[in-house]
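Peer 1: Build me a structure from this.
(2 chains)
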Amino acid sequence: MSRYLMNRFISYVDDDGGRVVEFHTDPAGYVERWRARASAARVPPPDGGALTNAEAQAFVDRDYGSLYAMGVHPYLLLHFARALDVVLDGTSWSEFVARYRAQVEPHGFPDFRT
Amino acid sequence: MAQLVAIAGVPHNPLLYRVTRNGIPEDIQATMHHFEHFGGRMRDLDVDSMVIVGSDHFRRFKHDHSPAFAIGALDHYETTYENEIRHFGFDEWSVPGDAEMARALLGDHELPEDVDFAMVNEWVLDHSFSMPALFLRPEWDIPVVPIHTNTNMPPLPRAARFAALGAYLREAINAAPVERKVALVTTGHLATDIGGPKGFLGGPSADAAFDSEAVGWMARGDLAGAVAGCTVERLVAAGNVTPQFMNFLAGLAAADGLPANVAEGTPSRFAAAPFFFWEVDE
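Peer 2: Residues are numbered from 1 along each chain as shown, chains lettered A, B, ... in the order given. Okay, here's the model as predicted:
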């Protein structure tokens, strides 16, 4: 797992409302473009990275439980999820909270060291 | 010479901004009362410089790097990141920086013995710094010295390092060759979980036993107990961002381990809000 790159991916997207909309519109395409730029990625700030297939799929599926279990920092994950589900999908806060919590709860406190 | 006249420990919960825009809801009134009280005492004491010890939340210092301790040396700061506007409904603010004090704290040619600071010359402040500054001094007219601590991205500095930071700040502020009355403002959390299974409890603490113990350290002036009690394992078990509590150890150490005049975990719809206050007699 590349926790570092998963966190950087979320930071890159959620740092900019335009990027959040781009990701929301076409998650698979957005993730693929991110991965394709891996060889050209510069630090800082990286605009691409070699996510594994499982990590990329979890982003494409907006599978917050898996991302949480893989060690994405919960603070970043929550805000990323909120930007997509509440702001762009229009999910109510209470429904979002119930769903998000059910996804992360089984995983307890994963190691989020990078 | 500068003089440390007050030490505060306050929350920086960004959600307080939005919920207090159109009047203060009943459950938030005690929280805002503490901010007003501390801010009022700082006015009474003629505070004209605020050294703020907080932890940037992945905005200035991301996963590519985060110094254990860093001092901003600017004479002007912009606050607010684009996603803080989206997530928290923030406005954009700016605040003067006390560059002279920052340089005094950094040392001239050599870093101080006990704390290895990184120097920061480019820094937009996030809500760790903007919320205490706003709620303690809504006019944004007191220059600040932000000090970032890495309490979010393990490995973290140990609790004893925060105590060393506070002891150093007390000494260095009082030795600074500038005319200032300084408030040391520390900001962090009691038991708080953001984005994890203990989050979203809607008021009750993520770990009431930790909160009680932590407030007790401040109320009794038990620095040794606080340092011993703040292992990263214990803090994370109380909630994934609870390590930010260690910023308050800097305040307690700067107060020379004296009991706080005010020590409280204030309940509201959010996690208990930490409020600690010391007036410093020199």
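Peer 1: quick one, phi/psi of the residue nearest the centre of chain B?
Peer 2: Central residue of chain B (Cα atoms, centre = their mean): B:T187, 1.9 Å from the mean position. For B:T187, the backbone dihedrals (degrees, to the nearest 10) come out as phi -140, psi 140.
Peer 1: if I look at it, how far off is B:P11?
Peer 2: Plainly put, B:T187 is 7 Å away from B:P11 if you go by Cβ to Cβ, to the nearest Å. (Each C-beta comes from the backbone N, C-alpha and C, glycine too.)
Peer 1: For chain A, what's the nearest residue on the stretch 1-150 of chain B?
Peer 2: Proximity of the stretch 1-150 of chain B to chain A (Cβ to the nearest Cβ) peaks at B:H63, 4.4 Å away.
Peer 1: Would you mind listing what in the stretch 151-282 of chain B touches chain A?
Peer 2: By Cβ under 8 Å from any Cβ of the partner chain, the residues of the stretch 151-282 of chain B that approach chain A are B:152-155, B:193-197, B:199-200, B:236-237, B:240-241.
Peer 1: what about A:G49, which helix or strand?
Peer 2: Using DSSP states H and E, A:G49 is not contained in any helix or strand.
Peer 1: Can you give me every residue that contacts it?
Peer 2: A:S2, A:L5, A:R8, A:F9, A:W34, A:R35, A:R37, A:A38, A:A41 (Cβ atoms under 8 Å, 6 or more residues apart in numbering or on different chains).
Peer 1: Could you rerun that using 10 Å?
Peer 2: The neighbours of A:G49, taking Cβ atoms under 10 Å, 6 or more residues apart in numbering or on different chains as the test, are A:2, A:4-6, A:8-9, A:12, A:34-35, A:37-38, A:41, A:43, A:55.
Peer 1: Would you list the buried entries among those?
Peer 2: A:S2, A:Y4, A:L5, A:M6, A:R8, A:F9, A:Y12, A:W34, A:R35, A:A41, A:E55 (16 or more other Cβ atoms under 10 Å in any protein chain shown).
Peer 1: Quick one: residues contacting the second one.
Peer 2: Going by Cβ under 10 Å, 6+ apart, A:Y4 touches A:P46, A:G49, A:G71, A:R113, A:T114, B:K62, B:H63, B:D64.
Peer 1: and what of B:F35?
Peer 2: B:8, B:10-11, B:16, B:20, B:131-132, B:134-138, B:273, B:275 are the contacts of B:F35 under Cβ under 10 Å, 6+ apart.
Peer 1: which of the residues you listed count as buried?
Peer 2: Counted by 16+ other Cβ under 10 Å, these give B:8, B:10-11, B:16, B:20, B:131-132, B:134-137, B:273, B:275 as buried.
Peer 1: Show the contacting residues for A:L78.
Peer 2: Contacts of A:L78 (Cβ under 10 Å, 6+ apart): A:64, A:68, A:72, A:96-97, A:100, A:104, B:87, B:193-196, B:199-200.
Peer 1: what kind of secondary structure is it in?
Peer 2: Classification of A:L78 by DSSP: H, G, I helix; E, B strand; the rest coil places it in helix.
Peer 1: can you check B:I52 too?
Peer 2: Look at B:I52: counting by three-state DSSP, its state is strand.
Peer 1: need the contacts of A:G49 in JSON lines with secondary structure and pLDDT, can you?
Peer 2: Converted to JSON lines, the contacts of A:G49 look like this (DSSP: H, G, I helix; E, B strand; the rest coil; pLDDT from 0 to 100):
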{"residue": "A:S2", "secondary structure": "coil", "pLDDT": "87"}
{"residue": "A:Y4", "secondary structure": "helix", "pLDDT": "91"}
{"residue": "A:L5", "secondary structure": "helix", "pLDDT": "91"}
{"residue": "A:M6", "secondary structure": "helix", "pLDDT": "94"}
{"residue": "A:R8", "secondary structure": "helix", "pLDDT": "92"}
{"residue": "A:F9", "secondary structure": "helix", "pLDDT": "94"}
{"residue": "A:Y12", "secondary structure": "helix", "pLDDT": "93"}
{"residue": "A:W34", "secondary structure": "helix", "pLDDT": "91"}
{"residue": "A:R35", "secondary structure": "helix", "pLDDT": "90"}
{"residue": "A:R37", "secondary structure": "coil", "pLDDT": "85"}
{"residue": "A:A38", "secondary structure": "helix", "pLDDT": "77"}
{"residue": "A:A41", "secondary structure": "coil", "pLDDT": "55"}
{"residue": "A:V43", "secondary structure": "coil", "pLDDT": "55"}
{"residue": "A:E55", "secondary structure": "helix", "pLDDT": "96"}
